[in-house]
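> Got a predicted model here, sequence first, then my questions.
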Amino acid sequence: MKTRHGGYRATFLRVAFSGARYHPVRCCRPACYARTRLPLLLALLLASVLTATADEIPDDLTNMSLEALMNLEVTSVSKKPERQTGAAAAIFVITNNDLRRWGVTNIPEALQRVPGISVARIDANKWAITSRGFNSRFANKLLVLIDGRSVYTPLFAGVYWETQQVMLEDVDRIEVIRGPGGSLWGANAVNGVINIITRSATETRGELVAMTAGNEIPGIGSVRHGGKLHNGGDYRIYAQYKSYAEGYSAAGAHDDWRSGLVGFRADWSDGPDDLFTLQGDLYRGKAGQQVSIPTGNGPTVGVPVVDDTDSNSGNIQLRWARALDVDSDLALQVYYDHVGRDGAVLFEDRDTLDVDFQHRFRWRIVHDLVWGLGYRFVQDNTDNNATFSLEPSSRGVNLYSAFLQDEISLTDNLRLTLGSKFEHNDFTGFEVQPNTRIAWSPDVAHTFWGSVSRASRTPARGEQDVLLRVQPAPDPGVPVYVIGDNQYDSEDVLAWEAGYRFNYRNRWSLDIAAFYNDYDKLRTLDPVTTPPANVLLAFDNNMSGETWGVELASQWQVRPGWRLNASYTWLDMALHLENGSMDYLSRSAEDASPTSSAALWSSLDIGASLQFDAALLYVGAIEASGIDIDSYVELDLRLGWEAKPGLEFSLIGQNLLDNRHPEFLPDFISTQPTEVKRSIYGRVTWHF
C-alpha cells in the first residue's frame with residue numbers, strides 16, 4: 001500500500017514501531033461428549049449457515065480475506081517485515097479482528113486457540129502459559145514482549161500474566177513464535193516468543209467507549225480519545241478498568257481481582273525518512289489469593305492467609321526509525337519500566353532501563369543483513385520475611401548483547417538465514433545463541449522451511465539468591481527451605497524444526513510444523529541436608545530431556561462471510577534425572593502440558609449486521625504438582641450485532657459445557673487453586 005512516505009520504506013517505519021486424582025464435579029471426558037453433546041454442538045456451529053443464502057452475505061466484510069491473512073506482514077521472526085507465509089519459523093498471528101470476534105477479555109484467553117501454546121488457569125487471576133512443554137505458573141522458557149518491551153520477570157523467570165494489561169481494542173496483532181528465538185531476542189526465548197504489537201496512533205483517531213459485564217465479570221470499561229498533534233502527528237490517550245469475580249473452590253476462593261490502566265501514545269514524523277513513537281502506561285491492580293504462610297522460626301504448619309496483593313507498574317518508551325535508502329534502515333528503542341508488588345509473601349520494587357539499536361542493510365545484492373546492540377540494567381529491592389528472602393535483598397544486574405543475522409538469497413525462491421545472539425550477563429557470563437534457517441517457496445502456494453537453533457535460559461535472581469520456606473512440609477516437625485545457588489548454570493536447548501505451508505487459491509490453507517528439542521542442564525531441587533536438621537533443597541542442573549511434537553493450523557473460506565479455523569497440537573516429553581538427583585517432582589514437568597489439544601472455530605457473517613462465532617476447545621489430561629487433572633471440552637459462543645456503523649452489541653458465553661472445571665494447580669508458591677466457571681456476559685463498543 002502506498003503512503004505519503006512511499007512503499008516499502010513506510011512499511012518498515014510503521015513496523016519498526018510497532019498420586020491422587022482430581023475430578024471435576026461433572027464428567028468431562030471426551031468420550032462422554034462424543035456420545036451426548038458433540039453432535040448438537042456441531043449442529044449449532046452450522047445452524048445459522050442453513051438459514052443464510054449467499055445473496056444475504058455481503059462482499060464487503062469486516063473479516064480480512066484469506067488472501068490478506070496469508071500476506072500478513074510479521075516482524076518477530078527476523079526483526080524486519082516479511083510475509084507470514086514465507087517465514088522460516090512456526091508462527092501464528094492473532095489479529096485485532098480475531099480478538100473482537102473471539103470475545104476474549106484478556107491476553108491469556110486469546111492464546112488458547114494457538115497451536116503449540118498451552119494455557120491453563122490456576123485461579124481467577126493466575127495462569128500457567130507455555131510453548132512446547134514445561135508448563136508452570138512461572139513458565140521460564142517463554143519470552144513475552146509488549147511493543148518490544150520485555151515483561152519476563154528476572155526474579156522468578158516467567159510472566160505475571162495478571163499484570164500484563166493492554167486495551168485489546170488497541171492491539172494490532174499478537175505474533176506467536178513457537179520454537180527458539182534466542183538468536184534475535186536473546187536469553188529466555190527458549191521455547192517461543194509472544195510479541196504483542198499495538199496499533200499506531202494514526203489508526204485510532206476519534207473516540208471509543210467499550211463496556212463489558214456479566215456473571216463472572218462485574219465490569220470492564222474502556223475509553224479512548226485519538227487526535228492530531230500540532231506537528232502533524234497523531235496521539236491517543238486511554239483508560240481502562242477491569243473487575244473479575246472469584247473462581248470456585250469448596251475451601252473458599254478469595255481470588256477476585258481488579259485493575260486500572262491509563263496510558264498514551266504519540267506517533268509523528270520528521271521529514272519523509274524519520275518516524276518517532278512515544279508511549280507509556282500506568283497500571284494499578286489488586287489480586288486476591290489464599291496462601292499458606294509459615295509462622296515463627298520453629299517447625300510449624302502453614303497458616304492459610306487471605307492475601308490481596310497490590311501490583312503497580314509504569315513504563316515509558318521512545319522509538320525512532322530512519323530509512324536510509326530503499327534497502328537500508330535503522331531503529332533505536334529506549335524504555336524505562338517500573339514494577340512493584342506488595343503481598344503477604346513478596347514485596348518487590350524493580351526498575352529496568354533498556355536500550356536497543358539495530359541496523360539493516362543489503363550487501364552485494366544477495367545478502368540482507370541485520371545487526372544490533374543492546375544494554376539492559378535491572379535494579380530490584382525486596383523486603384525479607386519468614387517465608388521468602390533474598391540475599392542480598394537489593395541487587396543490580398547488567399545485560400550486554402549484540403546480534404548479527406544474514407539472510408542470503410541463494411535463488412529467487414530459496415533463502416538461507418544465518419545468525420547469532422551474543423550476550424553477557426552477571427549470573428553465568430558469556431552466552432552464544434546461534435541459528436540456521438532455510439525457506440524454499442517453489443511457487444506462491446507452497447513454502448517449505450527448516451531450522452536448527454541453540455538457545456539458553458539464564459538463571460533468575462531467585463535461583464541464585466533465594467531462601468524460601470516450603471509449606472506444607474512432608475514432616476511438620478522439620479522445616480523445608482529452598483535455597484539459591486550462585487553456581488546454578490543456564491539451561492540449554494538444541495532445537496530442530498521443519499514446516500510446510502500451503503495455500504489453495506486463497507480458499508484453504510494449511511500450516512504444519514514439527515520439532516525435536518534436546519535439553520541440557522535443566523533445573524532440579526536437590527537436598528543438601530537431611531533430617532533431623534532443617535531440610536535444605538538447592539537449585540541445581542541435574543536433569544536433561546527431549547520434547548517432540550507436531551502443530552497444525554488450518555483455515556477454510558467456506559463461502560464469502562463464513563470461515564472455519566482449526567488448530568491441533570501433539571506433544572511428547574521425556575525427562576531424565578542425572579548425577580544421582582531424586583527430584584521426581586521436577587521430572588513430573590513432562591506431564592504438566594497436555595499430550596494433545598485442539599480447537600475448532602467458526603466465524604460467520606449473517607447479512608450485513610449480524611455475526612455468529614463459535615469455538616470448541618479440547619485440552620488433554622495433565623498432571624500438575626503430582627495431581628491428575630482430567631481432560632475437558634468447552635464451548636465459546638458470540639453473537640454480535642452492528643446496530644449502526646461504529647456501534648456494536650455482543651452477547652458472549654465462555655466455558656458453556658460445565659458449571660466449572662479445574663485446569664492447573666500451584667507448583668511453586670502454595671496458593672489456593674480454583675476452578676474455572678461458566679461465564680456469560682454482554683459487551684457494547686462504540687466508535688465515533
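That came through, no problem.
> contacting residues around P108?
Contact partners of P108, counting by C-beta atoms under 8 Å, 6 or more residues apart in numbering, are 119, 121, 127, 129, 161. Any C-beta I mention is one placed from the backbone N, CA and C, and that applies to glycine too.
> Looking at those, which one is closest to V104?
V119 (11.0 Å; C-beta to C-beta).
> low pLDDT regions in the stretch 51-200 of the chain?
Within the stretch 51-200 of the chain, the segments meeting pLDDT under 70 span 51-70.
> which residues in it form strands?
Ranges of strands within the stretch 51-200 of the chain are 73-74, 82-83, 90-95, 117-123, 126-131, 142-146, 149-150, 171-178, 192-198, based on DSSP state E, counting those that start in this stretch.
> so can I have JSON lines of those strands showing mean neighbour count and distance to F347?
Shown next, in JSON lines, are these (neighbours: other C-beta atoms under 10 Å; distance: least, C-beta to C-beta, whole Å):
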{"stretch": "strand 73-74", "mean neighbour count": "20", "distance to F347": "39"}
{"stretch": "strand 82-83", "mean neighbour count": "17", "distance to F347": "44"}
{"stretch": "strand 90-95", "mean neighbour count": "22", "distance to F347": "35"}
{"stretch": "strand 117-123", "mean neighbour count": "26", "distance to F347": "21"}
{"stretch": "strand 126-131", "mean neighbour count": "25", "distance to F347": "18"}
{"stretch": "strand 142-146", "mean neighbour count": "24", "distance to F347": "23"}
{"stretch": "strand 149-150", "mean neighbour count": "20", "distance to F347": "22"}
{"stretch": "strand 171-178", "mean neighbour count": "23", "distance to F347": "31"}
{"stretch": "strand 192-198", "mean neighbour count": "25", "distance to F347": "28"}
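> Let me have those in JSON lines, extended by distance to R258.
As requested, the strands of the stretch 51-200 of the chain are exported to JSON lines (distance: least, C-beta to C-beta, whole Å):
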{"stretch": "strand 73-74", "distance to R258": "34"}
{"stretch": "strand 82-83", "distance to R258": "40"}
{"stretch": "strand 90-95", "distance to R258": "25"}
{"stretch": "strand 117-123", "distance to R258": "15"}
{"stretch": "strand 126-131", "distance to R258": "15"}
{"stretch": "strand 142-146", "distance to R258": "21"}
{"stretch": "strand 149-150", "distance to R258": "24"}
{"stretch": "strand 171-178", "distance to R258": "21"}
{"stretch": "strand 192-198", "distance to R258": "21"}
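> L651: neighbouring residues, count only.
With neighbours defined by other C-beta atoms under 10 Å, the count for L651 comes to 15.
> is it true that N191 touches G133?
Yes: assessed by C-beta atoms under 8 Å, N191 is found in contact with G133 at 7.0 Å.
> More neighbours: these two, which one.
Comparing N191 with G133 by neighbour count (other C-beta under 10 Å), the higher total belongs to N191, at 30 against 26.
> Identify the residues contacting that one.
With C-beta under 8 Å, 6+ apart, N191 has these contacts: 130-134, 141-142, 178-180, 493, 517.
> Take the residues you listed and lay them out in CSV including distance to Y241.
Output for the contacts of N191, formatted as CSV (distance: C-beta to C-beta, whole Å):
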residue, distance to Y241
T130, 29
S131, 31
R132, 35
G133, 36
F134, 34
K141, 33
L142, 28
R178, 33
G179, 37
P180, 38
V493, 41
N517, 41
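> Please consider this matter closed, and thank you.
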